[in-house]
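Engineer: turn this into a model:
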Amino acid sequence: MLRRESLSLALAFIVGVSIGAVAKTEKEFVSDAIKGDNAEIAMGQLAISKSASDPVKTFGQTLIDDHSKAKTDASAVATKLGVSPPSQMSPDAQRAMTRLQQLSGSDFDKEFIRVMVEDHQKDIAEFKQEAGNGHGPVQQLAAQTLPTLEKHLQIAKSLNAQK
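Structural biologist: Numbers count the residues shown, from 1 in each chain. Below you'll find the predicted structure:
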């Protein structure tokens with residue numbers, strides 16, 4: 001019996017630590033959102049220059065346009081929170097960018113679309129979680145950005161189906 005209780009306590013501790021490690025502060029969320037916008041803008045520019053496909057190039061321009069607006073909105077919220085908007089992208093995005101820079105044509109298109117699907121799925125989950133956490137400016141930002149992220153995911157999935 002004692003062994004089972006110890007196991008239960010250990011499991012509860014691990015789950016609690018895991019949940020705590022996943023939760024971001026509002027400042028971290030906004031900073032990460034801006035880093036994501038930076039990455040999407042840079043990858044959109046890369047798509048325009050490296051893709052062999054007009055639809056992928058068009059999607060690249062959509063990413064540039066939509067994430068430039070999102071970055072402006074997120075930067076305004078960051079400033080209200082006393083956070084300096086970052087100019088870099090996350091290390092994961094930088095690694096993806098490095099891989100994409102080495103490709104061109106249809107090889108680029110396949111990897112770019114894969115990265116866009118994966119990234120937007122992850123972003124949508126994070127933005128949904130943040131949007132459900134209250135009614136402040138960060139939650140409003142997350143909620144207003146979600147439809148754009150969902151649109152990008154649909155475009156990326158559509159492009160993936162065409163390949």
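
Engineer: just give the nearest non-adjacent residue to the most centrally placed residue in the chain, would you?
Structural biologist: With distances taken as CA atoms, centre = their mean, residue 123 lies nearest the centre of the chain, 3.8 Å away. Leaving aside its sequence neighbours, residue 123 sits nearest to residue 149 (CB to CB, 6 or more residues apart in numbering; 5.3 Å). Just so you know, the C-beta spots here come from the backbone N, C-alpha and C atoms, and that holds for glycine as well.

Engineer: cool, residue 143 as well?
Structural biologist: residue 131 (4.0 Å).

Engineer: that neighbour and residue 144: what is the separation?
Structural biologist: Distance, residue 131 to residue 144, by CB to CB, to the nearest Å: 9 Å.

Engineer: settle it for me: which of those two has more neighbours?
Structural biologist: residue 131 (18 against 13; other CB atoms under 10 Å).

Engineer: ok, the more buried one - contacts?
Structural biologist: 139, 142-143, 146 (CB atoms under 8 Å, 6 or more residues apart in numbering).

Engineer: returning to what we had before: is it true that the residue nearest to the centre of the chain touches residue 146?
Structural biologist: No: counting by CB atoms under 8 Å, residue 123 does not reach residue 146; the two are 9.1 Å apart.

Engineer: returning to what we had before: can you pick the most crowded of the contacts of residue 131?
Structural biologist: residue 142 leads these on contacts (other CB under 10 Å) with 25 neighbours.

Engineer: can you tell me which residues contact it?
Structural biologist: 29, 33, 127-128, 130-131.

Engineer: what helix or strand is residue 70 located in?
Structural biologist: helix 54-80 (DSSP states H and E).

Engineer: which other helices and strands contact the next helix or strand after that helix?
Structural biologist: As assigned by DSSP H and E, the chain's next helix or strand after helix 54-80 is helix 91-101. Judged by 3 or more CB pairs under 8 Å, 6 or more residues apart in numbering; DSSP states H and E, the packing partners of helix 91-101 are helix 26-50, helix 105-131.
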